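*Asks:* Coordinates for the following, if possible.
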Amino acid sequence: MTGSDASPSDSPVVAPSDSSSFRLAYVPGVTPSKWVRVWNERLPDVPLTLLALTPAEAFGALREGAADAGLVRLPVDRDDLSAIPLYTETTVVVIPKDHLLAAAEEVTVEDLAEELVLHPLDDTLGWEQLPGLPANERPETTADAIELVAAGVGVLAVPQSLARLHHRKDLTYRTLTEVPQSRVALSWQAADEAPDLVEEFIGIVRGRTVNSTRGRRAEAQKGQKQPKDQKDRKTAGKPARSGKPGAASRTGKPTARKPGGAGGSGRGRTGGKPRKRS
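*Replies:* Below you'll find the model as predicted:
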């Protein structure tokens, strides 16, 4: 069984993922390319495999161990999955280009009062009350709903990324205000601590630098011997510990010199006047 309604007891036993690779699931509309690019720069020895899945498939893959982490849409069942929110998307209404609402910059719920608003079964907005007039049947998918909008059957409210994903030349979209918005999150199997590679990806999506990332690389750097050039830089400028005249003392202060010594004033040992010549 796969899907968001699958429970851990229903899921087959899957062998742990290979620690030398990372499998990232992502749902329609989410674009992981910028994070994948950073991953390849930081961990070139760990291949990252992308899995394009439906929302139900993505949750199933996480539960079954077929994916190490996933870029999904909230809500996430916290009983067996962990998640951190990443960003919130703007909601838009998809309409034909010749629709009256196309003349507006933004659309309100009141503007949709006389419109047939489609509500696909894979809706990601979680409406409490769908605006406009309800359709007799719900389309199976967002893609099916887009086809109906193009046929002039109704309009569709979706996250902006899905409107871009299903772009058609005969359709356009406008920002829809005062409505639910979709939140994208990074999710993985619930555990006391996230696996090292998941922690690496968390650091990337949160914008941590290489040195601050709490993952495999940071752990590997612990206990390593410091390079000689770094030691030299740390010791550079420190006073030498020597008792020789002219050298710095252990306190860092110069050693006092006796008058008449090397580099002295040329006077006698008593510091008095020069001796008279006979």
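*Asks:* which of the residues in the helix or strand harbouring residue 34 are buried?
*Replies:* Assigned by DSSP states H and E, residue 34 falls within helix 33-42. Within helix 33-42, the residues that qualify as buried by neighbour count (16 or more other Cβ atoms under 10 Å) are 35, 36, 39. C-betas here are computed from N, CA, C, even on glycine.
*Asks:* what does stretch 152-160 give?
*Replies:* 154, 155, 156, 157, 158, 159, 160.
*Asks:* So what touches that stretch?
*Replies:* 29, 73, 89-96, 99, 101, 112, 115-118, 120, 124-125, 131-132, 135, 142, 145-146, 148-149, 173, 175-176, 179, 181-182 (Cβ atoms under 8 Å, 6 or more residues apart in numbering).
*Asks:* show me what contacts the closest residue in space to residue 113 that isn't next to it in sequence?
*Replies:* Excluding the flanking residues, the one nearest residue 113 by Cβ to Cβ, 6 or more residues apart in numbering is residue 132, at 6.3 Å. Contacts for residue 132 (Cβ under 8 Å, 6+ apart) come out as 112, 113, 114, 115, 116, 117, 155.
*Asks:* Not counting sequence-adjacent ones, nearest residue to residue 92?
*Replies:* residue 173 (4.1 Å).
*Asks:* can you list the weak-confidence ranges in the stretch 151-278 of the chain?
*Replies:* 212-278 (pLDDT under 70).
*Asks:* residues touching residue 148, list them.
*Replies:* 118, 139, 154, 156.
*Asks:* What separation is there between the first one and residue 88?
*Replies:* Shown here: residue 118 relative to residue 88, a distance of 23 Å by Cβ to Cβ, to the nearest Å.
*Asks:* Give me the more crowded residue out of these two.
*Replies:* For the pair residue 118 and residue 88, the greater number of neighbours falls to residue 118 (26 against 12), based on other Cβ atoms under 10 Å.
*Asks:* just checking, that one touches residue 140?
*Replies:* No - between residue 118 and residue 140 there is no contact under Cβ atoms under 8 Å: 11.2 Å.
*Asks:* quick revisit: can you read off the backbone torsions of the residue nearest to residue 113?
*Replies:* phi 70, psi -160 (degrees, to the nearest 10).
*Asks:* again with residue 85
*Replies:* Residue torsions, per degrees, to the nearest 10, at residue 85 are phi -60, psi 140.
*Asks:* Find the nearest non-adjacent residue to it, please.
*Replies:* residue 185 (4.9 Å).
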